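Peer 1: I'll drop the sequence and a predicted model, then ask my questions.
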Amino acid sequence: MKLAAVLLFITFLFSCAQIPEYSVDEEKLLNLTCSDLATQEKETIQMKEIASKAKNDSWQAILPFIVAARYGQASSSYSEAERRLILIQEIQINNGCMQTTIS
């Protein structure tokens, strides 16, 4: 039983340690200036790239359940970044900000 708890803790530790948090909560995006929204857009693109890399690198874990945990967490972060990027772009359009090109 103790071994299972230790393995679960290790899985959680390895799966969550790789992807950082956003610097601005989503609720506060509506109150940002165009310049701040552009900064958030760049940050979100970087987060999406980090999540994609974490997803691709998840196989490097030794234990299969850690691979699954890393892949699942990275996939979730990637989807969150895509959704957040769309939200930021919608806010930019509504605020009359210049659109930036997304690659």
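Peer 2: Noted; the coordinates are in hand.
Peer 1: got the buried residues for stretch 30-50?
Peer 2: 32, 37, 38, 40, 41, 43, 44, 45, 47, 48, 50 (16 or more other CB atoms under 10 Å). Where C-beta positions appear, they are placed from N, C-alpha and C, glycine not excepted.
Peer 1: Hmm, the fifth one is touching residue 93, no?
Peer 2: Same thing as residue 41. No: assessed by CB atoms under 8 Å, residue 41 is found out of contact with residue 93, at 11.9 Å.
Peer 1: what about residue 21, which SS state?
Peer 2: coil (DSSP: H, G, I helix; E, B strand; the rest coil).
Peer 1: what's around it, how many residues?
Peer 2: Neighbours of residue 21 under the rule other CB atoms under 10 Å: 7.
Peer 1: what's the spacing between it and residue 84?
Peer 2: Per CB to CB, to the nearest Å, residue 21 is found 12 Å from residue 84.
Peer 1: Give me the residues contacting whichever strand or helix holds residue 57.
Peer 2: Assigned by DSSP states H and E, residue 57 belongs to helix 34-57. Counting contacts by CB atoms under 8 Å, 6 or more residues apart in numbering, the residues outside helix 34-57 that touch it are 18-20, 22-24, 29, 32, 70-71, 73-75, 77-78, 80-82, 84-85, 88-89, 91-92, 95-98, 100, 102-103.
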